[in-house]
Every structure is written in structure tokens, then in C-alpha cells.
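Asker: Provided below are the primary sequence and the corresponding predicted coordinates.
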Amino acid sequence: MGKFLAPPPFKEEMTGDGIDSRYRRLRAQVFLGIFIGYAGFYIVRKNFSMAIPGLEVLGFHTEDLAIVLSMNAIAYGFSKFLMASISDRSDARKFLPLGLVLAAVSMAFMIVPVQWIGPEHKGWAIFLMAALNFLVGWWNGMGWPPCGRVMTHWFSIRERGTWMSVWNCAHNVGGALVGPMATYGAAWFGSWLYGAHSELYFLAGTYLFPAATAILVALVAWLLIRDTPQSCGLPSVEKWTGVAASTYSEKSEHVLSVKEIFRTVLSNRLLWYIAFANAFVYMVRYGCLDWAPKILTDRGIDLQSTGWAYFAYEFAAIPGTLFCGWLSDKVFHGRRALPTMLFMALVGVALFIYWRNLDNLPVVIGCLIAIGFFIYGPVMLIGVQALDLAPKNAAGTAAGLTGFLGYVLGTAVLANIVLGFAMKNAGLQLTFLLLLGACAASILLMGLTYKAEQYLVRKNG
């Protein structure tokens, strides 16, 4: 496995007039590869949520299915950090498709506990579902790190925010496909696979069709992605553009050992600042998203209107992310802290208005659109800043640290457990105060990295 994933050797650097055109063509090709590949991971990531209604019809209990559902987020949070250290020492062209294929295979096997074990042996079925959904989350953790590796090697610090804001929309594209694939997959392949057993048709749409599609996407990604410019006979992006991060040196091009990678990342206090900031950003992101249906239906707003509010929150993420990335590169000259702080302050304003107007549906939807628009920019920029603050040969692990705290502390602990407890036992006032506090905490933590980015302004001048 080590030799299979080893990064390709550097080729002799090209000379002549064709370097610029080849660089631009390969950058576009590689970017398309990681965009399509990362979207593929979202085709086989949270499909279990779509399967829950069908599983309940078969006789599985909601509380048991909730345990299975939680396995995905926990595994993803740990994997995004731990697998990143392997990604930093691997060929992105192989690492990303391999993770996608493994996630797809694990997803396809989710039919086994339903079709061949069933609710008659519920304990074993739930155990196997939980194990498989854990694997789905774990292999999904192999998606972000190689994309981060590609970004640091092919795009300079002055343009990374814009390119990554576009790339970040891949998860919206992939996530949006899950619903239609579940519907049409069941219609197209359900009867062919399960005959008269229509209660099992959802397995084809939720698990098998997305898994088969993801494997095809992995093949396309492998055809398009290239690991580094140097492996294609091109100069480093720093040499080509003349722009380098403060963390860059010639040593950044060499592969580090796992011990060196972790020492480099864990000793960087700036990375810890943004990692904890990310936890509070994720608390707001998923605290608003996951609890909006309950908050609104408890206020008497009908389910259809709640669904549209949920949709508006997610859809607003795309223009918000693109705008934030552009702002970071073009207005703030590659700095990430200031736009993140600005956007989180605006999230806090929208949260306060949302809180004080819970009975006014148009205002609520407007606030959710504003929160969705402003929250996803910081989510993206913190990942970019992690790449900026670490050497290129440890960038994936650095981003993995922010993702780990975002998903495990920010989502599982703060957004799900703490906010759920507050909502049940203290009501909405404490819930919204905690969300506003999370906005303030993220701003303060990001402020600690402000000074470290000022060299980008001096370079621009």
C-alpha cells in the first residue's frame, strides 16, 4: 500500500515557451478532477438519512437508527485528521479515487443488514449498519486532504481563496444529487433488483445506484488529477507565479515522515486558534441547520414552509462562499482572518433578528438565507487558512485538524448535544445566546491570527 500510494517522482523541469500554456491547461484539468471527485464523495456520504423512512417502515426503531446515523459524523471527524497525515505523503491522483471507491463499496454493503439480516435480528442488523456507516464516514475522510494537497501545489496563496470557494461548491453539487438519485434509482432499478418486494426498492436508490455512480466518478477523477506540477515536469507554483506563503521553503517540496508532520502541525499555535474557531463556526452552521425544522415547527410553522426555509439556508451557501473567496483574494490580498471575522459578525446580526422574529415566517426565511450566505464563507476560509499556515508537505494534516475539531467538538458535542440539551431544558433564549456566543468566540479566536497575515499586505504594497 505504501509503494502504491507513494507520490510520483519529480520529472526534469521543462524549458521553452510552452510552460505557461501547459501549466494553465493542467491546472484547469486538475481542478476539474478534484471538483468532480469531491462531489462524488457527497453522493455516498449521508445517504443513510434518506434511508431512515424506508427502514422505519420495515420495523427498525428511530432511536436505533439515530445511533447508526451518528457513526458517520464521528468517523469523518477523526478520519479527516488522521487520514490527512497519510494523504500528505501520498499521490493525490491515487489517494482520492481510492477513498471514493472504498466509501462507495461500504455504502453498497449497507443493503446487507436490511436485505439478508432484517428487523427479525435487529441487534445484529443495527450493529452491522453502524459499522458500515462508520466506514462510510471514515473513507469519506479521504476526500478533503488530497484536494487540499492539490490546491497548495497548483494554486498560489494569492488566488487560493477564489479557486477554493469554487471548489467548495462541489459538496453542494454532490449533496444535491442524493435526493434525486434516491428517487430515480428506486424507480429505475427497484423492480429489476427486488421484483414484487416494493418495500425494498429504496435500497437501490439510496445505496446501490449512488455507489455505482461514485465508482465511475472515481475513475474520471483518476484520469484528470495530477499530484504536483513537478511530477509533470513543471516548476513549483511559487516559482511560476512569484508568490509564496511565509511558511514556504524548498523543504516544503519534500515528503515528511508522519512524526514530522504531526510535530509541525501540533506545535503551530495559529493552527490551534483557527481549529477552535472552526469548532464555534460549525456549532453555528449545524446548530442553525439541524435545529431549524424543530424550532419552526414548534412555533406552529407548517412542515412545507420549514422545508423551504431549510432549502433556502443551503442554497444561499453557494453565492456566499464564492463572494467570500473572491473578497479574501482580491480585497484582502490573501488574508483570511478579516473576511472570516466580518462574515461571522454578520451571521451574529442575522441570528439576533431570527431569534426576535420567530413568528414571522418571511423574516425567518430571510434570516436563514443570510446565515447560510455568510456562514459557509468562514467554513471554507478556515480550511484555506489552514493550508496557508502550514508548509505544503503538512497542509492536509493542518486542514484535518480544523475539520476534526469542527465535526467532533463543534458539530457532535456543541451543535447536537449542548444545543439539544439547552433547547430541551432551558428553552430558546439560552439556545440563541449560545449561538451568539459562538459567533463572538470565533471572531476573537480568528483575531489572534490577524497579525500573522499582515505580511501579505506589505508584499502587495
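Answerer: Noted; the coordinates are in hand.
Asker: Which parts of this protein belong to which domain?
Answerer: Following automatic domain parsing, one gets these domains for the chain: 18-239, 264-460.
Asker: what sits up against stretch 416-436?
Answerer: Contact with stretch 416-436 is made by 283-284, 286-288, 290-291, 294-295, 348, 351-352, 354-355, 358, as judged by CB atoms under 8 Å, 6 or more residues apart in numbering. In short, each C-beta sits where N, CA and C put it, glycine included.
Asker: Scan these and report the most crowded one.
Answerer: Compared across these, Val284 has the highest neighbour count, 30 neighbours, by other CB atoms under 10 Å.
Asker: which residue sits closest to that one in space, ignoring its chain neighbours?
Answerer: Leaving aside its sequence neighbours, Val284 sits nearest to Ala438 (CB to CB, 6 or more residues apart in numbering; 5.1 Å).
Asker: rewinding a little: filter the contacts of stretch 416-436 down to just the ones in helices.
Answerer: Of these, the ones assigned to helices by DSSP state H are 283-284, 286-288, 290-291, 294-295, 348, 351-352, 354-355.
Asker: Low-confidence regions, the stretch 101-250 of the chain specifically.
Answerer: For the stretch 101-250 of the chain, the stretches with pLDDT under 70 are 245-250.
Asker: And the helices in it, which stretches?
Answerer: Remark: helices assigned in the stretch 101-250 of the chain by DSSP state H, counting those that start in this stretch are 111-112, 122-140, 144-154, 160-168, 170-194, 201-203, 209-224, 237-241.
Asker: Of all the ones you listed, which one is nearest Ser87?
Answerer: helix 144-154 (3.5 Å; CB to CB).
Asker: Next, the angle helix 170-194 makes with that closest one.
Answerer: 140 degrees (axes from the mean of the first three to the mean of the last three CA atoms, to 10 degrees).
Asker: which helices and strands does helix 144-154 pack with?
Answerer: helix 19-43, helix 62-87, helix 92-108, helix 160-168, helix 361-389, helix 395-404 (3 or more CB pairs under 8 Å, 6 or more residues apart in numbering; DSSP states H and E).
Asker: Without its sequence neighbours, what residue ends up closest to Leu234?
Answerer: Tyr23 (5.6 Å).
Asker: That neighbour contacts Gln230, doesn't it?
Answerer: No. Counting by CB atoms under 8 Å, Tyr23 stays clear of Gln230, with 11.6 Å between them.
Asker: Counting neighbours, what do you get for the spatially closest residue to Phe60 that is not a sequence neighbour?
Answerer: Among residues not flanking Phe60 along the chain, Pro119 sits closest, at 5.5 Å (CB to CB, 6+ apart). The local packing of Pro119 (other CB under 10 Å) involves 15 other residues.
Asker: Which residues lie in contact with the residue nearest to Leu234 in this structure?
Answerer: Counted by CB under 8 Å, 6+ apart, Tyr23 has contacts Pro229, Leu234, Trp240.
Asker: Neighbour-wise, which one of these leads?
Answerer: Pro229 (25 neighbours).
Asker: what's the spacing between that residue and Ala170?
Answerer: 22 Å (CB to CB, to the nearest Å).
Asker: Could you do Val418 as well?
Answerer: Noted for Val418: a distance of 30 Å to Ala170, by CB to CB.
Asker: between these two, who's got more neighbours?
Answerer: A count of neighbours by other CB under 10 Å puts Ala170 above the other of Val418 and Ala170, at 20 against 16.
Asker: In this structure the more buried one contacts Phe35, no?
Answerer: Yes. Counting by CB under 8 Å, Ala170 does reach Phe35; the two are 4.8 Å apart.
Asker: Next, show the common contact partners of these two.
Answerer: With CB under 8 Å, 6+ apart, Ala170 and Phe35 have no common neighbours.
Asker: thinking again about what came up before, the contacts of Tyr23 into TSV, with extra columns for distance to Gly99?
Answerer: Formatted as TSV, the contacts of Tyr23 follow (distance: CB to CB, whole Å):
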residue	distance to Gly99
Pro229	23
Leu234	26
Trp240	29
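Asker: and the nearest residue to Val258 once chain neighbours are set aside, how many residues sit next to it?
Answerer: Nearest residue to Val258, sequence neighbours excluded (CB to CB, 6+ apart): Ser85, at 5.4 Å. By other CB under 10 Å, 21 other residues sit near Ser85.
Asker: what separates Ser85 from Phe78, distance-wise?
Answerer: From Ser85 to Phe78 the distance is 12 Å (CB to CB).
Asker: same check, this time on Asp227
Answerer: For Asp227, the distance to Phe78 - CB to CB - is 25 Å.
Asker: that older thread, which of the helices and strands packed on helix 144-154 sits closest to Cys147?
Answerer: Judged by CB to CB, the one of the helices and strands packed on helix 144-154 that comes nearest to Cys147 is helix 19-43, at 4.5 Å.
Asker: Name the residues of the helix or strand that comes right after that closest one that are buried.
Answerer: Under the assignment DSSP states H and E, the closest C-terminal helix or strand after helix 19-43 is helix 47-58. Buried residues in helix 47-58, counted by 16 or more other CB atoms under 10 Å: Asn47, Phe48, Met50, Ala51, Ile52, Gly54, Leu55.
Asker: Check stretch 122-131 too.
Answerer: Applying 16+ other CB under 10 Å to stretch 122-131 flags Ala125, Ile126, Phe127, Leu128, Met129, Ala130 as buried.
Asker: what's near enough to touch Leu387?
Answerer: Gly148, Met151, Thr152, Arg160, Ala395, Ala398, Ala399.
Asker: hmm, back to that, for the buried residues of helix 47-58, could you give me TSV that also reports pLDDT?
Answerer: Formatted as TSV, the buried residues of helix 47-58 follow (pLDDT from 0 to 100):
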residue	pLDDT
Asn47	84
Phe48	85
Met50	79
Ala51	85
Ile52	82
Gly54	86
Leu55	88
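Asker: about what we covered before: could you export the contacts of Leu387 as TSV, including distance to Gly447 and neighbour count?
Answerer: TSV is the format used below for the contacts of Leu387 (distance: CB to CB, whole Å; neighbours: other CB atoms under 10 Å):
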residue	distance to Gly447	neighbour count
Gly148	24	31
Met151	25	26
Thr152	25	30
Arg160	21	27
Ala395	23	29
Ala398	20	33
Ala399	21	35
